[in-house]
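Asks: Next come a sequence and a model predicted from it.
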Amino acid sequence: MKNQKVVLAYSGGLDTSVCIRWLQERGWRVIAYCADVGQGENFRPVRERGLKCGAEKVIIQNLRKEFAREFILPSLQAGAIYQEKYLLATALSRPLIARGLAQAARQNGAIAVAHGCTGKGNDQVRIEVSLKIMNPRLQVLAPVRDWELTSRQAEIAYAKERRIPIPPKKKSRYSLDQNLWGVSIESGPLEDPWEPPPADCYQWTVDPAKAAARPEEVRVEFLQGVPIALNGRKLELVELIERLNKTGIRHGVGRSDMIEDRLVGIKSREIYEAPAAWVLHTALRELEQLTLDRETLAFKAAAAQRYARLVYDGLWFTELKAGLDAFTEQVMRRVTGTIQLRLFRGTCVPVGRKSPNSRYAKGLATYEGKDDFDQKAAAGFIQLFGLPYTPR
Ligand code: ARG
C-alpha cells in the first residue's frame, strides 16, 4: 500500500503515537484525527506530538455540541443505563468519532482509517461497526490488535529506537477515558474485584465522606425532554452539563463501581464517574413519573434497557435505534417541567416536581376531606379486576 492515506483516531497518548510511526513504516501517509468530545485535553501538545511522530496533518475537531445534542441527549431521553450502573459516556462517543473519521477520510482522500483499540474491548466493535454501516468500502486498520508490542515498555522501547516523542509519563496507574458525559476507569489495582476502589482512581468527584457538610439544591428545567435551564438560568446543553458536573463533583455524586459484561465475553471491573449524567437521568425520570401514564412508563423502562444495550454494543447507526428514538421523541412531547434535587454526600434525590402537563391530581389523591374520587365505584372495579382469579 504505497503512499495511500490513512486517517488515524489519535488521542496523543502512547499507543496512538506509536501507531503513527508503525503505519508509516508500512507505507501509509498518516493523518491524525482527534475529536474533542469534552475530554478536557490540552490539544496544543497533542498536535505537536502527532506531527513529530510523523503525521502529515493533525486534525482537531470540536464535536462537543454534536456529542451533547445528537448522542448524549437521545440516550438521556431514552433512559439508557447499562447494567443499572453505566451511563455509557465512552460508548456514546464512539459512533461520533467513527463518523468524524469517515468524514475526514472522505475530505482528505484517504482509503483507510485506523484506531488504537485493543482486541479485548468494546470500542473496536463500536468504531468498526459504525464505520461499516457508514462506508463499507473504507479499509480499517487496528495496529494495536496486530502488532508485537505487547506492553507499555515495548512501546516505549519502540518509540525510543525511532526517536519519536513519548508522551509525558502516565499520570495515572489506571486506564482512563473521559468526555463531557463522564469518566471510565479501569485496570491496575481495580482488576481485583474484592479490592475497594483506591482513593486515587477517582478522577473528578470528591469522596462523598469528605464532601460538603451541607446539602445543595439544584433545579433543572426541561422542555419536551430537553434540559434547558439550571437554577432558573437558560443554558446550552454543553454548558448545562459542564456546570452540573461541577456541582455534582463537589458532592461526590455519580460514582459507580461495577462488574460489567463486555460485548466480547469478558467480565471486567469498571469504575465510572458521571455526576451531571446521574443528576439529569434522575431528574428526567422523576419528571416522566409525574407526566406520563403508567403503561407508557412501563414500556419506556423496557425500551430503555434495549436502548442501553444497543448503545453499548455499538449499534448506534441502526434502524432499531432510529425507531426507538422516534418512540422516545413522541413520548417526550409531554415531558416539560421542573425538578428540584438535593445533592448531598454522594446522593442525589428529587425533592420537588412541577409540570404544566402533570398527571398528578391532588383532588384525586388527597386524604383530606372532600375529593373528586368516587370511592363507591371502587367496589365494582375490584369485582371485575379480581374476577379471573376468583374460584367459581
Ligand atoms: N468499559 C467501558 C465501555 O466499554 C469503558 C471503556 C473505556 N476505556 C478505558 N480506557 N477506560 O464503554
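Replies: Right, received. Where do you want to start? Residues are numbered from 1 along each chain as shown.

Asks: All the strands of the chain, residue numbers only.
Replies: In the chain, the strands defined using DSSP state E lie at 4-9, 28-36, 57-62, 112-114, 139-141, 175-179, 182-186, 216-223, 226-230, 233-234, 255-261, 267-273, 337-344, 347-354.

Asks: other SSEs contacting the first one?
Replies: Same thing as strand 4-9. Applying 3 or more C-beta pairs under 8 Å, 6 or more residues apart in numbering; DSSP states H and E, one finds that strand 4-9 contacts helix 14-25, strand 28-36, helix 89-108, strand 112-114. (Glycine included, C-beta is placed from N, CA and C.)

Asks: okay, the ones you listed in a markdown table with mean pLDDT, mean neighbour count and distance to Glu48 next?
Replies: Output for those, formatted as a markdown table (pLDDT from 0 to 100; neighbours: other C-beta atoms under 10 Å; distance: least, C-beta to C-beta, whole Å):
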| stretch | mean pLDDT | mean neighbour count | distance to Glu48 |
| --- | --- | --- | --- |
| helix 14-25 | 96 | 23 | 11 |
| strand 28-36 | 98 | 24 | 11 |
| helix 89-108 | 98 | 22 | 19 |
| strand 112-114 | 98 | 24 | 20 |
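
Asks: Nearest to Lys370 among those would be which one?
Replies: Across the helices and strands packed on strand 4-9, Lys370 has its closest neighbour in helix 89-108 (50.2 Å, C-beta to C-beta).

Asks: Would you mind putting the CA coordinates of that closest one into PDB?
Replies: What follows is helix 89-108, C-alpha atoms only, in PDB (Å, rounded to 0.1, in the frame of the first residue of the first chain):
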ATOM      1  CA  ALA A  89     -20.100   8.000  28.400                       C
ATOM      2  CA  THR A  90     -17.400   6.100  26.500                       C
ATOM      3  CA  ALA A  91     -19.800   4.100  24.400                       C
ATOM      4  CA  LEU A  92     -21.700   7.200  23.200                       C
ATOM      5  CA  SER A  93     -18.600   8.900  22.000                       C
ATOM      6  CA  ARG A  94     -17.500   6.100  19.700                       C
ATOM      7  CA  PRO A  95     -20.100   6.300  16.900                       C
ATOM      8  CA  LEU A  96     -19.400  10.100  16.800                       C
ATOM      9  CA  ILE A  97     -15.700   9.600  16.500                       C
ATOM     10  CA  ALA A  98     -16.300   7.000  13.800                       C
ATOM     11  CA  ARG A  99     -18.400   9.500  11.900                       C
ATOM     12  CA  GLY A 100     -15.700  12.000  12.200                       C
ATOM     13  CA  LEU A 101     -13.100   9.500  10.900                       C
ATOM     14  CA  ALA A 102     -15.200   8.600   7.900                       C
ATOM     15  CA  GLN A 103     -15.700  12.300   7.100                       C
ATOM     16  CA  ALA A 104     -12.100  13.100   7.500                       C
ATOM     17  CA  ALA A 105     -11.200  10.200   5.200                       C
ATOM     18  CA  ARG A 106     -13.600  11.500   2.500                       C
ATOM     19  CA  GLN A 107     -12.300  15.000   2.800                       C
ATOM     20  CA  ASN A 108      -8.700  14.100   2.600                       C
END
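
Asks: And it, how far out from the chain middle?
Replies: Mean-position distance between helix 89-108 and its chain equals 15 Å (C-alpha atoms, centre = their mean, to the nearest Å).

Asks: Run the angle between it and strand 175-179 for me.
Replies: Here the directions of helix 89-108 and strand 175-179 differ by 70 degrees (axes from the mean of the first three to the mean of the last three C-alpha atoms, to 10 degrees).

Asks: residue contacts, the residue in the stretch 201-350 of the chain positioned nearest to the ligand?
Replies: Closest approach between the stretch 201-350 of the chain and the ligand, counting by C-beta to the nearest ligand atom: Glu270, at 5.1 Å. By C-beta atoms under 8 Å, 6 or more residues apart in numbering, the contact set of Glu270 is Tyr86, Ser184, Ile185, Glu186, Leu190, Ser256, Asp257, Met258, Ile259, Glu260.

Asks: measure the first one to Asn122 for me?
Replies: Just to be clear, that refers to Tyr86. Distance, Tyr86 to Asn122, using C-beta to C-beta, to the nearest Å: 11 Å.

Asks: intersection of neighbour lists for those two?
Replies: Tyr312.

Asks: who's the residue of the stretch 201-350 of the chain closest to the ligand bridged to?
Replies: Met258 (DSSP bridges).

Asks: what does the stretch 251-392 of the chain have sitting close to the ligand?
Replies: Glu260, Glu270 (C-beta under 6 Å from any ligand atom).

Asks: Residue numbers of the stretch 1-150 of the chain in contact with the ligand?
Replies: For the stretch 1-150 of the chain, the residues in contact with the ligand (C-beta under 6 Å from any ligand atom) are Thr90, Ala91, Asn122.

Asks: between the strands of the chain, which gets nearest to Gln383?
Replies: Smallest distance to Gln383 across the strands of the chain (C-beta to C-beta): 34.6 Å, for strand 347-354.

Asks: Nearest to Thr318 among the residues of the stretch 1-150 of the chain next to the ligand?
Replies: Distances from Thr318 to these, taken by C-beta to C-beta, are shortest for Ala91, at 14.1 Å.

Asks: So that closest one sits against Ile127, correct?
Replies: No. Counting by C-beta atoms under 8 Å, Ala91 stays clear of Ile127, with 10.9 Å between them.

Asks: Give me the common contacts of the two.
Replies: Gly314.

Asks: and the residue nearest to Gly346 when sequence neighbours are not counted, how many residues sit next to it?
Replies: Leaving out its chain neighbours, the residue that sits closest to Gly346 by C-beta to C-beta, 6 or more residues apart in numbering is Pro208, at 2.9 Å. Using other C-beta atoms under 10 Å, Pro208 is surrounded by 14 other residues.

Asks: Pro208 contacts Leu343, correct?
Replies: No. With contact defined as C-beta under 8 Å, Pro208 does not reach Leu343; the gap is 10.3 Å.

Asks: what is in contact with the two at once?
Replies: Between them, Pro208 and Leu343 share the contacting residues His251, Val253, judged by C-beta under 8 Å, 6+ apart.

Asks: And the pLDDT for the nearest residue to Leu190 once chain neighbours are set aside?
Replies: Once flanking residues are discounted, Leu190 sits nearest to Arg269: 4.9 Å by C-beta to C-beta, 6+ apart. Listed pLDDT for Arg269 reads 98.
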